[in-house]
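Visitor: Sequence first, then the predicted structure:
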There are 2 protein chains.
Amino acid sequence: MPQADPAATDGTLDVTTEPPSRRGLVGVSAGVAAGLLAGAAGTYAATRADGHTGASATGAPSLADISGQVPFRGAHQAGIITPAQDRMHFVALDVITDDADVLRDLLTAWTAAAERMTYGAEAAPGGSVGGGPYKVPTDTGEALDLPPSGLTVTIGYGPSLFDKRFGLADRKPAALQELPGFVGDDLDPAKSGGDLCIQACANDPQVAVHAVRNLIRLGLGTVSVRWSQLGFGRTSSTSHTQKTPRNLFGFKDGTNNLMAEDGAALDEHVWIGAADVPGPAGWAAGGSYLVARRIRMHIEVWDRTNLQEQEDIFGRGKLEGQPLGQKKEFDTIDFAAKRMDGQPAIPAVSHIALAHSSNLDGVRILRRGYNFTDGSDGQGHLDAGLFFIAFMRDAHKQFVPMQRALAAKDVLNEYIEHTGSALFLCPPGLADNQDWGTQLFAS
Amino acid sequence: MPQADPAATDGTLDVTTEPPSRRGLVGVSAGVAAGLLAGAAGTYAATRADGHTGASATGAPSLADISGQVPFRGAHQAGIITPAQDRMHFVALDVITDDADVLRDLLTAWTAAAERMTYGAEAAPGGSVGGGPYKVPTDTGEALDLPPSGLTVTIGYGPSLFDKRFGLADRKPAALQELPGFVGDDLDPAKSGGDLCIQACANDPQVAVHAVRNLIRLGLGTVSVRWSQLGFGRTSSTSHTQKTPRNLFGFKDGTNNLMAEDGAALDEHVWIGAADVPGPAGWAAGGSYLVARRIRMHIEVWDRTNLQEQEDIFGRGKLEGQPLGQKKEFDTIDFAAKRMDGQPAIPAVSHIALAHSSNLDGVRILRRGYNFTDGSDGQGHLDAGLFFIAFMRDAHKQFVPMQRALAAKDVLNEYIEHTGSALFLCPPGLADNQDWGTQLFAS
């Protein structure tokens, strides 16, 4: 068994004696690796999954060598407009210390671990085995043999984090206020709120779960798990390169979603602008608000309705996903189109009518939700539904009016129930040598 | 929107006007399709995902055309020695009718739906949209655009199904008796037992969830969900062609598992023999017993132990998975090997020592479990662990002695807790024109 002595213990990637990379970055030249690891010091020694450190090969890597890695740093956090990965593990945490330094240090440690895992390394130098037999491993090991799988780790801060505990009150953006209640809400406090959240998305659920687990582990004694949600299938595309997926009602969802390619629209609807956060809250510019809603679907009731009723409720065809009255999924929605009987092709209380920007003074959001099934409900049915996640520039100006309209009129309400809710501020992306701790605490 | 009138409504695949196949079997010639659909009458008209029935192409399909489909019929059920797929959805159900005919009819309907979904069709003719606007869709639709993804649907019957309700008492194999309690069990009745179970495994979780959901839906009013479990990552290989995966303790699991290629050993340890089920229970020959144990892992405690302690507890190296004292994962286990200090390289109370056939009078089982994480435990931790599934010829002669040894001595018990338990008889595979209803009820 290899027992390499980790040279670096400060959480950076400057690890020429890096213990076994879990994902065998063999053949990646040092220069390219440094590029991949923008913001991390030094080079990433190529190592094999069998634990033997090998010399870096010369020459450029093939695309396959670097596939599945999403850049960690940039103007915005990864995991927002990153083309939605197939699987998700989301956790909300409460901070159980009152010591701001301890919290800041955890955020700093999380940054290093999240960046490492994004690039396919273990959570910390040493990892599962490199610390030797008499040390507690610094990575839990269950992703040792798995590729990066497009992992993104996105952090968010709840309104409660900016209470008086940590001296952050003046850095709180004005719009970071808890969501109001909505008609029909049946929220479980145990599945709502939280001081912090971590959204890990990947194309392999084991990689997403591994990331969340290792970050929780780093926070032992500092944070406590409030709730957690596994999503097994994405319900939105966030790039025009992706095929629209289906929700558990069997409908294509998010056809008219904001997409990664919609640069100007993202600035208008997703990213917090400098003018939105004057004064000491300015650090949050470039961030985005994350709204999470756990939406239980009463699929047994839905499954008893006929096709036309289902399509009228959504305002789209089930097979193609076309707006009613049109032919193809991406055909322009025409709310003026009529059926043969003179009625609107798209009912005014359909989901797409109520949620459409033209009926909401131009409001749009970027949806990035996941299907879930969490065992049974104790009454003979699956506990299944949609874990709705959306990103936006101001939840109170975007999600709140949209959800008010939906809560009041959406025919879909007969079939769904909001059982969890949370709002988080996702800070902007990190510059080189910046971390979440220094970013939040300005030190 | 296509509104094909389904010609067949009896659940068979004889559907020349088959409504949109969810998975576009374009280019599969009729002859090959018939071969794929062994046991189903007629041919499978190639249809496109856009709903337009196309003429079958001539010529043999490429391997890619037929990949991801696991044969549904055969001597044994699929999903036992099928190379373990990456994801799983498991459900245990109680029968809520006392009418044997209703149960038998459901089992017959389940067979047709399971076979269809295995081959990439929707749950029933008509499917999501083919029944027309005024009909309730016969498939829930969320897998419409997804490939077969290696789906297998495996059915099992609990001891309670053979009580006096359905007249099945004389067809009950003698070994189908509830498992005894074990030292340390902390079983939740709401996550244990059940009259029936369905194990759906696939490489796409949405496909597995879709299959379970549609079978539950067919059983509305006849069966009720007792418990359900989503598994996000396989923890065993069941074929020498597979790489050994890792459990949430970070260790490779199931290295010495029984494998699909081990024909004689499967007959000895997995398949129920004719001599095991004399008399009217003889119908069960060729089946297998499925033991399910929901094992919560106290990962926070585990994560505080040093590497050597972890390896001593498992009896294997963490990185390679080699038996202690050896070098490579598949090296022969040598319980006589000594460390430098003269102590056994593999501690006598290690997991592999206690569970090894040489210490259990030759007992072996075929493991086929999955990692899970089910939200939080309400005490600040993830509720995560291993959903242990194993198949064997006689649970009372194989699992029971093994688990007694483990429950009494396994050092791993400090880190785990069995919170759910169930035993099911998985009947043998289906012959052509046989279904689960006629097989169970002999009519």
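Guide: The structure has been received and is ready for your questions.
Visitor: which residue ranges form the helices in chain A?
Guide: Under the criterion DSSP state H, helices of chain A are mapped to A:30-36, A:63-66, A:100-118, A:205-218, A:263-269, A:299-302, A:307-314, A:351-355, A:399-409, A:436-441.
Visitor: Mean neighbour count, those helices: which tops it?
Guide: Stretch with highest mean neighbour count among the helices of chain A: helix A:205-218 (a mean of 26; mean count of other Cβ atoms under 10 Å in any protein chain shown). (Each C-beta comes from the backbone N, C-alpha and C, glycine too.)
Visitor: so how far is it from its chain's centroid?
Guide: 14 Å (Cα atoms, centre = their mean, to the nearest Å).
Visitor: Equivalent analysis for stretch A:366-383, please.
Guide: 18 Å.
Visitor: which residue of chain A sits farthest from its center?
Guide: Taking Cα atoms, centre = their mean as the measure, the residue most remote from the mean C-alpha position of chain A is A:D341, 44.0 Å away.
Visitor: Excluding residues flanking it in the chain, which one is nearest the residue of the stretch 151-300 of chain A at minimum distance from chain B?
Guide: Closest to chain B within the stretch 151-300 of chain A is A:G250: 2.3 Å, counting by Cβ to the nearest Cβ. Computed as Cβ to Cβ, 6 or more residues apart in numbering or on different chains, the closest residue to A:G250 that is not its neighbour in sequence is B:G141, at 2.3 Å.
Visitor: still on that earlier bit, I'd guessed the residue of the stretch 151-300 of chain A closest to chain B sits against B:V129; true?
Guide: No - A:G250 is beyond contact range of B:V129, at 9.2 Å (criterion: Cβ atoms under 8 Å).
Visitor: Need the overlap of contacts for these two.
Guide: Common neighbours of A:G250 and B:V129, counting by Cβ atoms under 8 Å, 6 or more residues apart in numbering or on different chains, are A:318, B:137, B:141.
Visitor: that older thread, just give me the neighbour total for the residue of the stretch 151-300 of chain A closest to chain B.
Guide: Around A:G250 there are 26 other residues, counting by other Cβ atoms under 10 Å in any protein chain shown.
Visitor: residue contacts, it?
Guide: Contacts of A:G250 by Cβ under 8 Å, 6+ apart are A:310, A:318, B:128, B:137, B:139-142, B:144.
Visitor: Any regions of the stretch 51-200 of chain A where pLDDT drops low?
Guide: A:51-67 (pLDDT under 70).
Visitor: State the distance from the residue in it positioned nearest to chain B to A:S443.
Guide: In the stretch 51-200 of chain A, the residue that lies nearest chain B is A:G141 (2.3 Å; Cβ to the nearest Cβ). According to Cβ to Cβ, to the nearest Å, A:G141 stands 34 Å off from A:S443.
Visitor: next one: A:G233
Guide: With Cβ to Cβ as the criterion, A:G233 and A:S443 are 41 Å apart.
Visitor: which residues touch the residue nearest the centre of chain A?
Guide: The centre of chain A sits closest to A:Q199, judged by Cα atoms, centre = their mean, with a distance of 4.1 Å. A:Q199 makes contact with A:79, A:88, A:90, A:152-156, A:290, A:389 under the criterion Cβ under 8 Å, 6+ apart.
Visitor: rerun at 10 Å
Guide: By Cβ atoms under 10 Å, 6 or more residues apart in numbering or on different chains, A:Q199 lies in contact with A:77, A:79-80, A:88-92, A:152-156, A:208, A:211-212, A:229, A:231, A:290, A:292, A:368, A:370, A:389, A:424, A:426.
Visitor: re the thing from before, when A:G233 and A:S443 are compared, which one has more neighbours?
Guide: Neighbour totals were compared for A:G233 and A:S443, and A:G233 leads with 25 against 9 (other Cβ under 10 Å).
Visitor: correct me, but the more buried one touches A:N203?
Guide: No - here A:G233 does not reach A:N203: they are 11.5 Å apart, not a contact under Cβ atoms under 10 Å.
Visitor: How far away from the center of its chain is stretch A:295-307?
Guide: Chain-centre distance of stretch A:295-307: 27 Å, with Cα atoms, centre = their mean.
Visitor: for stretch A:371-386, same thing?
Guide: Centre-to-centre, stretch A:371-386 and its host chain are 22 Å apart (Cα atoms, centre = their mean).
Visitor: what distance separates the start and the end of that stretch?
Guide: By Cα to Cα, to the nearest Å, the extent of stretch A:371-386 from end to end equals 5 Å.
Visitor: Just give the nearest non-adjacent residue to A:H396, would you?
Guide: A:A175 (5.8 Å).
Visitor: tally of neighbours for the one you found?
Guide: Neighbour tally, A:A175, other Cβ under 10 Å: 20.
Visitor: thought A:V70 was touching A:Q85?
Guide: Yes - taking contacts as Cβ under 10 Å, A:V70 lies within contact range of A:Q85: 8.7 Å.
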